[in-house]
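Novice: Okay, predicted coordinates and the sequence, questions at the end:
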Number of protein chains: 2
Amino acid sequence: MKITIKEIAKLSGVSIATVSKVINRKDSKISDETKNRVMKIIKETGYVPNRVASSMITKETKTIGLVIPNIANPFFPEVVRGAEDKASEAGYSLILCNTDDQIDKEENCIAMLQEKMVDGILYTASSRRHAISESLKHVGIPIISLDRDIVGLPVQGKITVENVEGAFEAVSYLIKRGYSKIIHLTGPETSTPTKQRIEGYKKAMDAHHLPYDDSCIIEGDYTSASGYATMEKAIRSGLTFDAVFCGNDLIAIGCIKALKKHGLKILEEVGVVGFDDIYLARMMDPELTTVSQPKYLMGYKAVELLLEVMGENKEGRREEILKTTLVVRETTR
Amino acid sequence: MKITIKEIAKLSGVSIATVSKVINRKDSKISDETKNRVMKIIKETGYVPNRVASSMITKETKTIGLVIPNIANPFFPEVVRGAEDKASEAGYSLILCNTDDQIDKEENCIAMLQEKMVDGILYTASSRRHAISESLKHVGIPIISLDRDIVGLPVQGKITVENVEGAFEAVSYLIKRGYSKIIHLTGPETSTPTKQRIEGYKKAMDAHHLPYDDSCIIEGDYTSASGYATMEKAIRSGLTFDAVFCGNDLIAIGCIKALKKHGLKILEEVGVVGFDDIYLARMMDPELTTVSQPKYLMGYKAVELLLEVMGENKEGRREEILKTTLVVRETTR
DNA sequence: GTGAAAGCGCTAACAG
DNA sequence: CTGTTAGCGCTTTCAC
């Protein structure tokens, strides 16, 4: 039988109300003597307050739900770490959910988080999501959308990065370094980041009056396997290019593998730029030139924003768009 | 005001007990008619049962605490994924805690998890931990220790890998391939895996009557920076070697950087073997020969074991030691 | 300064 | 088949 506040009260010869007050530091009107006595008993007995009981009354669980596609995707661990740091700093903990970009898993997660009465949700929408499911519309819990935007979803806030600008900068850099036949290997075109990176690519090409057509923008998904496959196909199909701007680093890795296999020299013959700057980018050989996303900060800021929204209980949507930075390494001349 | 079971009862014209039964599928004795009526109302109102309230009674939160050093360390995401998969399969969710291998953070995490009344804890002990803190001794919650063993900690189960055998196999392979002056770059010697990998290294060297002394076993920590620094120092100090067995892949990555910098040819002049087989190992160039740990399985099995232990409420310690496999790639001849 | 009492939303006997 | 009742462990007025 676990020890409860009742025992502590009995043992210290005070009421449970008093014990509750000292536990929660609402003890301005409790004499030091009783305070110390209660504290001592608590320590001695190893009493642990039951937060699920207090949650019932305070209506907060000090828990935040974190819904992401897959923690094993190297993009997310840092984001999660940032989120966890800010959360624990503020006395919250994180429930982690993986959705594999599958809509039904997403809905299950959200439902579960609602039942567990989390105080807020950080949500990276499935890149496959087009329509918003009904059930998602009436979650009565603050939601911050992370990384990806969902039009129509009633979120209370949004943390994204400057995808257009990041892509623009990357492609512009490529052009400045003398590359001119630049192709773009993208992720699923249903997701906002993908669309935005394509937009940035086009803008840069246009700005420099460089030609491109639909065959230069090749859709895949955000995996190295996809990068490998699409690159392979591009080469086979006789497409000419001297640089490739990849939708993310994973695609870039696969792409480079394919390039190497075909004996193409990275940097001299073909420049490659990634997006994300995952841990891997710095570790591979050659080190990958890429657009760095502030992953840790994204998680951190997302929780920060969520906490704000939760506090104010306001309706207004908040938004923060974080900057990317081009990191030039060894896959571009 | 959030809608409660009471409203549903009123709206469907039944008692709350009945509603409770249909929610929890204890409805064998409820007529289909009432069942359907209640279900319909639930759907219409968008009622979400409050699991924190039911937790108070059932004494279970369907939540598991996952305590790891750092999710941003590439070893852990897959472990966590495995754990999450098994957990969600069984209707549980995971609260994630990062400890940075700091004992005080560990204790905070554990305390918080206790207060949140998690049903069990998965725990990767700090590699710096030598003594078990008092507070950890009387957690009344089942604990499974993951990856690292903690002597003296009253855990109900243990999931580890065959570190000795893995190291033995790696070093033996190196020897078989003609390397003979093999050094070992280790992690912190306070942690069990480190000790075991050293043991495996020694066993293999002994088995083949190859000489080594203390200077061949160089302690560092499990980071690429450490791998770089220790390798650098080893080279500077004039240590001779033709292969290096690294305590993990991160060390191997740093080590290879240092080797390359000094113009040493990987594979021909110096063979390198890592440990873990993180995602990176396959992505780098040259691809890393390494001892693969079943990371996903570790997490999965850990939750499985925890669930078992929780179910039986037995005292006996359970243990599962998973196999490693040597993956030969491009850093060994 | 401290305590009594009224619940939070739900489940689990037990009655009917 | 369904409802009544007694809490789960805690916080929070409101008295004293």
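Specialist: Received the coordinates, thanks.
Novice: Which positions in the stretch 51-200 of chain A make contact with chain B?
Specialist: Proximity of the stretch 51-200 of chain A to chain B (Cβ under 8 Å from any Cβ of the partner chain) is limited to residues A:51-53, A:55-56, A:61, A:63, A:66, A:70-72, A:74, A:76-78, A:80-81, A:84-85, A:88, A:93-98, A:108, A:111-112, A:114-117, A:138, A:140. Placement of C-beta: from N, CA and C, glycine included.
Novice: Looking at chain A, which helix is longest?
Specialist: helix A:295-312 (DSSP state H).
Novice: what is the mean pLDDT for whatever helix or strand comes next after it?
Specialist: As assigned by DSSP states H and E, the chain's next helix or strand after helix A:295-312 is strand A:318-322. Averaging pLDDT along strand A:318-322 gives 93.
Novice: and strand A:318-322 with helix A:295-312, angle?
Specialist: Angle of strand A:318-322 versus helix A:295-312, following axes from the mean of the first three to the mean of the last three Cα atoms, to 10 degrees, is 170 degrees.
Novice: Are there helices or strands packed against strand A:318-322, and which ones?
Specialist: strand A:157-161, helix A:295-312 (3 or more Cβ pairs under 8 Å, 6 or more residues apart in numbering or on different chains; DSSP states H and E).
Novice: now the helices for the stretch 1-150 of chain A?
Specialist: A:5-12, A:16-23, A:32-45, A:51-58, A:76-89, A:103-115, A:134-137 (DSSP state H, counting those that start in this stretch).
Novice: how about the helices and strands packed on strand A:318-322, which one is nearest DNA strand C?
Specialist: helix A:295-312 (18.0 Å; Cβ to the nearest atom of the strand).
Novice: returning to what we had before: output the helices of the stretch 1-150 of chain A in CSV; the columns should cover mean pLDDT and mean neighbour count.
Specialist: Shown next, in CSV, are the helices of the stretch 1-150 of chain A (pLDDT from 0 to 100; neighbours: other Cβ atoms under 10 Å in any protein chain shown):
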stretch, mean pLDDT, mean neighbour count
helix A:5-12, 93, 18
helix A:16-23, 94, 18
helix A:32-45, 93, 15
helix A:51-58, 96, 17
helix A:76-89, 98, 23
helix A:103-115, 93, 18
helix A:134-137, 72, 14
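Novice: Now those in a markdown table, please, with extra columns for distance to DNA strand C.
Specialist: Below are these laid out as a markdown table (distance: least, Cβ to the nearest atom of the strand, whole Å):
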| stretch | distance to DNA strand C |
| --- | --- |
| helix A:5-12 | 7 |
| helix A:16-23 | 3 |
| helix A:32-45 | 4 |
| helix A:51-58 | 3 |
| helix A:76-89 | 24 |
| helix A:103-115 | 9 |
| helix A:134-137 | 17 |
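Novice: Run through the residues of chain A sitting next to DNA strand C.
Specialist: Applying Cβ under 7 Å from any atom of the strand, we find that chain A lies next to DNA strand C at A:13-18, A:29-31, A:33-35, A:53, A:56-57.
Novice: again, 10 Å this time
Specialist: A:9, A:12-22, A:26-35, A:37-38, A:52-59, A:115, A:117 (Cβ under 10 Å from any atom of the strand).
Novice: Quick one: residues contacting A:Val327.
Specialist: With contact taken as Cβ atoms under 8 Å, 6 or more residues apart in numbering or on different chains, A:Val327 is in contact with A:Asp277, A:Ala281, A:Thr289, A:Thr290, A:Val291, A:Ser292.
Novice: Could you do A:Val139 as well?
Specialist: A:Val139 sits in contact with A:Ile110, A:Gln114, A:Ile121, where contact means Cβ under 8 Å, 6+ apart.
Novice: Of the residues you listed, just say which sits nearest to B:Cys255.
Specialist: Nearest to B:Cys255 among the contacts of A:Val139 is A:Ile121, at 42.1 Å by Cβ to Cβ.
Novice: Would you mind naming the residues that bridge with the closest one?
Specialist: On the basis of DSSP bridges, A:Ile121 is bridged to A:Gly65, A:Ile143.
Novice: That one is in contact with A:Glu106, isn't it?
Specialist: No: between A:Ile121 and A:Glu106 there is no contact under Cβ atoms under 8 Å: 10.9 Å.
Novice: Give the residues shared as contacts by these two.
Specialist: A:Val67.
Novice: Verify the stated contact: A:Ala170 with A:Phe245.
Specialist: Yes: under the criterion of Cβ under 8 Å, A:Ala170 makes contact with A:Phe245 at 5.8 Å.
Novice: Find the residues that touch each one of the two.
Specialist: In contact with both A:Ala170 and A:Phe245: A:Val273, using Cβ under 8 Å, 6+ apart.
Novice: one step back: just the contacts of A:Val139 now: which is nearest B:Ile235?
Specialist: Out of those, the member with the shortest distance to B:Ile235 (by Cβ to Cβ) is A:Ile121, at 50.8 Å.
Novice: Worst mean pLDDT across the helices and strands of chain A, which element?
Specialist: One helix or strand of chain A scores below all others by mean pLDDT, DSSP states H and E: helix A:134-137, with a mean of 72.
Novice: how many other residues sit next to A:Asp249?
Specialist: 29 (other Cβ atoms under 10 Å in any protein chain shown).
Novice: any idea which helix or strand carries the closest residue to it other than its chain neighbours?
Specialist: If the residues on either side of it in the chain are set aside, A:Asp249 comes closest to A:Gly274, at 3.9 Å by Cβ to Cβ, 6 or more residues apart in numbering or on different chains. Using DSSP H and E, A:Gly274 sits within strand A:271-276.
Novice: pLDDT of that strand, averaged?
Specialist: For strand A:271-276, the mean confidence score works out to 98.
Novice: now the helix or strand just after that strand, how far from the chain's geometric center?
Specialist: Counting by DSSP H and E, the next helix or strand C-terminal to strand A:271-276 is helix A:279-283. Offset of helix A:279-283 from its chain centre (Cα atoms, centre = their mean, to the nearest Å): 18 Å.
Novice: so, in contact with chain B or not, helix A:279-283?
Specialist: Yes: counting by Cβ under 8 Å from any Cβ, chain B has neighbours in helix A:279-283: A:Tyr279, A:Leu280, A:Met283.
Novice: buried set for that helix?
Specialist: Using 16 or more other Cβ atoms under 10 Å in any protein chain shown as the test for burial, helix A:279-283 gives A:Tyr279, A:Leu280, A:Ala281, A:Met283.
Novice: What is the burial count for the residue of the stretch 151-300 of chain A found nearest chain B?
Specialist: Ranked by Cβ to the nearest Cβ, the top residue of the stretch 151-300 of chain A for proximity to chain B is A:Asp285, at 4.4 Å. The number of residues packed near A:Asp285 is 16, by other Cβ under 10 Å.
Novice: what does the one 3 residues further on give?
Specialist: Burial of A:Leu288, expressed as a neighbour count using other Cβ under 10 Å, amounts to 28.
Novice: so who does it touch?
Specialist: Applying Cβ under 8 Å, 6+ apart, the residues near A:Leu288 are A:249, A:252-253, A:256, A:272-274, A:280-282, A:329-331.
Novice: Which one of those residues is nearest to B:Arg317?
Specialist: A:Leu280 (38.2 Å).
Novice: Could you list the domains of chain A?
Specialist: Chain A breaks down into these domains under automatic domain parsing: A:5-49, A:61-160+A:295-322, A:163-293.
Novice: what's the closest of those to B:Thr223?
Specialist: domain A:163-293 (11.6 Å).
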